[in-house]
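Novice: What would the 3D arrangement of this be:
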Amino acid sequence: MRRRIKKKKVNKYNVLREAKRQKQKQKGVRCICYEFLPIGKQDRRALDMDELIPDCSFGTHWLIEAYAWNDSSQVRIFPCTENGGTTNISPLQIVLSDGNNVKEVKKDFKLVVEAIRNDRFWAPNYSKTY
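Specialist: Predicted coordinates for the structure are as follows:
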């Protein structure tokens, strides 16, 4: 019973499924690109030691999404399980950009993906991080 309740709590929102759905949309708010990567050992340790972030002990993977609207753009980062489930629909970090410049959004997206692949998510190398 406990395992079933824990599974329901951890997989309350499936952000991976939502990113795939947003990528296939024809109109409206649309995901430009997304990446699903495992959490590295250093990032896992930093995530466990950080007291300001709510409990993300369930997280084994990162989901990175890029969106572009008319007036602003953003890259969102979520901690989630291996199947894309998360307890909170809010992202862990957002990288904002002004305007609808898709090239700049993809550039920011590539910076974040490279930092996560190199196990340096917490390194302050993103521009315009909020």
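Novice: Check which residues of the longest helix along the chain are buried.
Specialist: Taking DSSP state H as the criterion, the chain has its longest helix at helix 102-117. By neighbour count on 16 or more other C-beta atoms under 10 Å, the buried set for helix 102-117 is 104, 105, 106, 108, 109, 112, 113, 115, 116. The C-beta positions use only the backbone N, C-alpha and C, and glycine is treated the same way.
Novice: Likewise for stretch 33-43?
Specialist: Buried, per 16+ other C-beta under 10 Å, within stretch 33-43: 33, 34, 35, 36, 39, 40, 43.
Novice: pLDDT at the first one, what is it?
Specialist: If I follow you right, that is residue 33. At residue 33 the predicted local confidence, pLDDT, stands at 91.
Novice: Pull the contacting residues for it.
Specialist: 23, 65, 66, 106, 109 (C-beta atoms under 8 Å, 6 or more residues apart in numbering).
Novice: Turn the buried residues of helix 102-117 into a markdown table, columns for distance to residue 95 and pLDDT.
Specialist: Shown next, in a markdown table, are the buried residues of helix 102-117 (distance: C-beta to C-beta, whole Å; pLDDT from 0 to 100):
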| residue | distance to residue 95 | pLDDT |
| --- | --- | --- |
| 104 | 11 | 82 |
| 105 | 9 | 85 |
| 106 | 12 | 86 |
| 108 | 5 | 84 |
| 109 | 8 | 88 |
| 112 | 6 | 87 |
| 113 | 11 | 89 |
| 115 | 11 | 87 |
| 116 | 12 | 87 |
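Novice: What is the nearest of the contacts of residue 33 to residue 87?
Specialist: Nearest to residue 87 among the contacts of residue 33 is residue 65, at 17.5 Å by C-beta to C-beta.
Novice: tally of neighbours for the closest one?
Specialist: Other residues within reach of residue 65, judged by other C-beta atoms under 10 Å, total 23.
Novice: wait, isn't it in contact with residue 31?
Specialist: Yes. Assessed by C-beta atoms under 8 Å, residue 65 is found in contact with residue 31 at 5.4 Å.
Novice: what touches both of these two?
Specialist: With C-beta under 8 Å, 6+ apart, residue 65 and residue 31 have common neighbours 19, 22.
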